[in-house]
Structure formats: C-alpha cells, structure tokens
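>>> I would like to see how this sequence folds:
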Amino acid sequence: MDPERARALLDAERKRIERALSGLRREDDAEEADDQDPQNLAADLYQDELDEGRSEDLRRELEALERAEARLADGTYGISVVSGKPIPDERLEAIPTAERTAEEEAG
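Alright, predicted model coming up:
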C-alpha cells in the first residue's frame with residue numbers, strides 16, 4: 001500500500017477513536033440525584049459499565065493504531081507480524097490497523 005494512503009487511513013482512524021473516546025464523557029441528564037430511585041441508579045450503573053467497556057475497547061484500538069503507525073514508520077506496514085506475508089490492500093482499507101492476514105486472523 002502507498003505510504004501516503006496508509007497515513008491517511010491511520011489519521012482517519014485516530015480521529016474516529018479520539019472522537020469516540022471524547023463522546024464517552026458522562027453528560028448530565030439534569031435529573032436530581034436520588035439514592036432512593038432504583039431505576040435511576042440502575043440506568044446510571046448500566047451506562048457507566050457500558051461506557052467503561054467501550055472505553056477499554058477504544059484504548060485497545062488506540063494501542064493497535066500506535067503499533068500500525070510504528071510499522072508505517074519503520075517500513076513494515078502491510079506485512080503480517082506473524083508470517084511476514086503481505087496483507088492485501090483491501091484488508092488494510094477496511095481495517096487500517098490489521099496486523100495479520102485474514103487467514104491468520106481466522107485460524
């Protein structure tokens with residue numbers, strides 16, 4: 001894959017991840033805190049747990065992005081970290097942070 005195209009894909013991926021992370025900050029729902037209302041407590045707890053899980057996923061995606069940027073910098077972007085085989089451009093277009101071929105990922 002052309003390094004400029006790879007850089008553009010990785011930049012777009014970084015923006016997507018950072019936008020998603022910033023969107024996880026809790027917004028005030030304007031409801032008074034009510035320790036006696038289990039429905040409010042349950043809804044807040046559910047949202048907190050959902051956001052925490054999503055945040056963990058996004059942090060892992062950010063780590064994968066940083067590894068991809070390092071591979072791009074050292075000239076190994078688009079090469080499987082497992083086998084050394086080329087990762088098809090179509091896969092990199094769909095998943096810019098791909099570290100392995102689809103076959104290696106499935107197996």
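>>> Show the secondary-structure elements that the least confident helix or strand in the chain by mean pLDDT is packed against.
Ranked by mean pLDDT, DSSP states H and E, the helix or strand of the chain with the weakest confidence is helix 38-74, at a mean of 84. Here helix 38-74 touches helix 3-22, going by 3 or more Cβ pairs under 8 Å, 6 or more residues apart in numbering; DSSP states H and E. C-betas here are computed from N, CA, C, even on glycine.
>>> average model confidence for whichever helix or strand comes after the least confident helix or strand of the chain?
For helix 38-74, the following helix or strand on the C-terminal side (DSSP states H and E) is helix 89-94. What helix 89-94 shows for mean pLDDT is 97.
>>> now helix 89-94: how far from the chain's centre is it?
Distance of helix 89-94 from the chain centroid (Cα atoms, centre = their mean, to the nearest Å) equals 16 Å.
>>> ok, now stretch 45-62?
For stretch 45-62, the distance to the chain centre is 11 Å (Cα atoms, centre = their mean).
>>> contacting residues for the residue nearest the centre of the chain?
Compute the mean C-alpha point of the chain, and by Cα atoms, centre = their mean the closest residue is Glu61, 2.9 Å away. Listed by Cβ atoms under 8 Å, 6 or more residues apart in numbering, the contact set of Glu61 reads 13, 17, 97.
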